[in-house]
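Chemist: sequence and predicted structure below; questions after.
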Amino acid sequence: METLVELEKYFEDECYSFAELTIGKHHASEGLVIERQNNQFLFAYSERGHLTVVKSFLTEKELVDYAFQEVSNDKWNRGHLVAWTWNEESILEAEKELNRLNISFERNDISNYSVEKHAYRIFVFGRDVLLLTDFRRTYYKA
């Protein structure tokens, strides 16, 4: 890959999450930022409206190579929340369904999410999210 447009397309094709990733037409409220700003190419982090540059580059290709490695090395950049429920039985059913479909997942529950309410959550990674439209309708009850 040579350009930011190609990198963005790759991330789209491989179903990366843009919830915390700003590149091209994708704008997250906070998280990683990969962009050209004036004559520099920036790999940065945005939090509460403040941009912190992690590394800057003179060429687009250098940024693309660096950003590809950094973003690809963190599985959570491909993570998609596909199940959220307040009921343990429901999340166990969701796990069984994902196992039956042979889809890898990770549970990531939140204890005491809201006044002693336990949130049960499941994430899948990458292109597997494309297989779970109906699954999400069933198990995403936030």
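Modeler: In hand now; what should we look at?

Chemist: can you list the domain ranges for this protein.
Modeler: Using automatic domain parsing, the domain parsing of the chain gives 4-73, 78-139.

Chemist: let me have the ones you listed in a markdown table, extended by mean neighbour count.
Modeler: Bear in mind the C-beta positions are built from the backbone N, C-alpha and C, glycine included. As requested, the domains of the chain are exported to a markdown table (neighbours: other C-beta atoms under 10 Å):
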| stretch | mean neighbour count |
| --- | --- |
| domain 4-73 | 15 |
| domain 78-139 | 15 |
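
Chemist: could you dump those domains into JSON lines with mean pLDDT added?
Modeler: Converted to JSON lines, the domains of the chain look like this (pLDDT from 0 to 100):
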{"stretch": "domain 4-73", "mean pLDDT": "97"}
{"stretch": "domain 78-139", "mean pLDDT": "95"}
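
Chemist: where's the residue nearest the centre of the chain relative to F57, distance?
Modeler: Nearest to the mean C-alpha position of the chain, counting by C-alpha atoms, centre = their mean, stands S17 at 3.1 Å. Applying C-beta to C-beta, to the nearest Å, the value for S17 to F57 is 24 Å.

Chemist: Y120 versus D109, what's the distance?
Modeler: D109 is 5 Å from Y120, by C-beta to C-beta.

Chemist: who touches both of these two?
Modeler: I91 (C-beta atoms under 8 Å, 6 or more residues apart in numbering).

Chemist: residue contacts, the residue of the chain most remote from its centre?
Modeler: Largest separation from the mean C-alpha position in the chain: N39, at 28.3 Å (C-alpha atoms, centre = their mean). Residues in contact with N39 (C-beta under 8 Å, 6+ apart): none are found.
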